Structures are given as C-alpha cells and as structure tokens.
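Visitor: Please find the sequence and the predicted model below.
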Amino acid sequence: MAGTLQPQQLMDSAVVDPDGNKIGKVGNVYLADATREPEWITVKTGLFGSKESFVPLSGANVDNDGIHVNVAKDQVSEAPRIDADGHLSSTESAELYRHYGLPMPRSAPDANAGRDKMDTTTRRGKQDMAAGRDKMDTATGRGTQDPAMARDRHRTADANSGTRGEEMIRSEERLNVGTEQVETGHVRLRKYVVTEEQQVTVPVSHEEVRLEREPITDARGGTGRAELGEQEQDVVLHTEKPVISKETVPVERARLNTETVTEEQTVKGEVRKEQFDLQDDAKKRKH
C-alpha cells in the first residue's frame, strides 16, 4: 500500500475497484500483527450494507473519491465469508490471500525488536546529554536548574521509559438509509356509456288556410257566364315536424401519465457502537 495510513483515515471511506466501480464503504480496519499497519478492510455490501467482505489493502491508494484497491468488485462479492469478530487469524488470512491470488506477506518480528533497541539507545543518549548539560550548568555557576524544566524532563523520561501496549480500535455502526422502488398499485382508465335526456328547441312551420275575397267590379272581369250551383276546391296543407337523428362525434381525449412527487419521510433504526472502559485493578486495591 502506498504510504502509511491511519485507521481513522480509512473508516467510512468509499472503496473503488480498478474499473472505477464502487464496491461499498469501509466498515472495519484490520492491522497486521507484525507491523501494526492496516492490512485488510471490511466493505459493507448488500442492501443497506448488511454484509461485510474482506478486501486486501496491498497496492491500494487513497484518492479524493475514496480508496482504490487492486481487486475487482466481483472478487469481493465472491470472497470467503469470515466473521468480522475483531481479529483475523493466520488461517483466515491465508484463505483470503489464496482467494485474491496474492502472496502472503512475510512477518518481521525482528524488525520490531530492532526498532525497540534503537529507541532504547536513543533515549539513553538523550538522557546522558541532558545529564551532561545539568553538570555543565552547575560547574559554570549558571545557577540552579529551573524546576519547571526539571519536571518536564522527568515527565519526558517517564513517558519514554514506559512500554507501549497494543492499540485498540473502537468501532460503531452507522445508519445508512437508501431508497428502492416498489410497486404500490395499479391505475386503470376505462370508459362506459350512460344515457341521458336532452331537450332541444327546433323552429317548425305549417300551412294554414286563408280565404281571400276580391270584388268584381267590371262585367268583363268575369271568366264567362255565371252559373248558380255548388262547387268544391281541395287544397293540401303542409307542416314541418322535428326529425331526430344521432351521430357519434369525438368530444374529449384522455390519457394516463405519471409524475414523481418527492416528500420527506423519517426512518429510525438501532445501531451499536463500542465504548472504552478503563479498569485499573491496582487502584481498586488501594481503596
């Protein structure tokens, strides 16, 4: 892995494969027993991050968009299922390395021992130099040593001489909420026929008989010799009546469309988190 990363830098970071596919988010960070440097991370996968898969950090690098690893997303999905119980045994680590086709790293306990020896020698040299400065100040008559400086020097010496214990990482669950589209129902548009009455006023006309009389004043105005007798004349009268006919015409068009309406909903869930509790048996015995 390029550079030395702190576990706090990796927590909740996005994990991306070489093709740019997002695998998930970092759930836990596992340190190598020999070097105490990040070696594995677990990635939250599945719906709402319900599963965790181990991903190697060998050759990984961190960018603005997350951690870029050298394994594909499909390899992570098919990785052996190992419980993220806080410690990865050598057998489980070997199984994961075989799955990803990566060589097993060599543990280097001698390097840690050498580092401890080097730190001890350095501390001894610093203490000798401090003692030499105190003697020189006393011999040249520069006055007594500043009490504050003496306390700081003793505090530094005590801190350097103490043994550093193993690190403990505190983890907690994060509530990741997403959305999924589900079917809520069906909507149908249908048409049906109803019968209703309509009243329409229509103008109609009819013929009526009217008697017209015209006096004859000129004897020559007659058509001939007048005769007395009976005579009939038949006149045909006409009238209009309403005639109903129906035709079907389009009056309206309807269609079904959908639109997306966004609203806010509040969801809640239970999450677990770890807490540190310091128990000092020596202090209990003093009381």
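Guide: It's in. Numbering: from 1, shown residues only.
Visitor: Residue 91 in helix, strand or coil?
Guide: Secondary structure for residue 91, judged by DSSP: H, G, I helix; E, B strand; the rest coil, is helix.
Visitor: Please enumerate the helices of this structure.
Guide: Counting by DSSP state H, the chain has these helices, from start to end: 7-10, 73-77, 90-100, 109-139, 147-161, 281-286.
Visitor: what mean pLDDT does the third one have?
Guide: Just to be clear, that refers to helix 90-100. Taken as a whole, helix 90-100 has an average pLDDT of 88.
Visitor: okay, and the helix or strand of this protein with the least pLDDT?
Guide: helix 109-139 (a mean of 41; mean pLDDT, DSSP states H and E).
Visitor: give me the low-pLDDT residue ranges for the protein?
Guide: Filtered on pLDDT under 70, the chain yields the residue ranges 1-5, 46-50, 84-86, 106-165, 219-224, 283-287.
Visitor: Residue for residue, what is the longest strand it has?
Guide: strand 22-31 (DSSP state E).
Visitor: Could you check how far it is from the centre of its chain?
Guide: Distance of strand 22-31 from its chain centroid, counting by Cα atoms, centre = their mean, to the nearest Å, is 17 Å.
Visitor: contact partners of it?
Guide: The contact list for strand 22-31, computed with Cβ atoms under 8 Å, 6 or more residues apart in numbering, reads 7, 10-17, 37-45, 49, 52-55, 66-67, 69, 73, 76, 84, 88, 167, 169, 171, 176. For glycine as for every other residue, the C-beta is placed from the backbone atoms N, C-alpha and C.
Visitor: With stretch 251-267 instead?
Guide: Stretch 251-267 has contacts (Cβ under 8 Å, 6+ apart) with 177, 187, 189.
Visitor: Could you check how many residues crowd around residue 16?
Guide: The burial count assigned to residue 16 is 19, neighbours taken as other Cβ atoms under 10 Å.
Visitor: Next, work out how far apart residue 207 and residue 52 are.
Guide: Look at residue 207 and residue 52: by Cβ to Cβ, to the nearest Å, they are 101 Å apart.
Visitor: and if you look at residue 177?
Guide: Look at residue 177 and residue 52: by Cβ to Cβ, they are 18 Å apart.
Visitor: out of those two, which sits in the busier spot?
Guide: Legend: neighbour count by other Cβ under 10 Å for residue 177 and residue 52, higher for residue 52 (20 against 9).
Visitor: I'd assumed residue 44 was in contact with the more buried one.
Guide: Yes - counting by Cβ atoms under 8 Å, residue 52 does reach residue 44; the two are 5.8 Å apart.
Visitor: quick one, what contacts residue 55?
Guide: Contacts of residue 55 by Cβ under 8 Å, 6+ apart are 15, 23, 40, 41, 42, 43, 69, 71, 76, 79.
Visitor: One more: residue 170?
Guide: Contacts of residue 170 (Cβ under 8 Å, 6+ apart): 273, 274, 275, 276.
Visitor: Most neighbours out of those residues, which is it?
Guide: Highest neighbour count within the contacts of residue 170: residue 274, with 12 neighbours (other Cβ under 10 Å).
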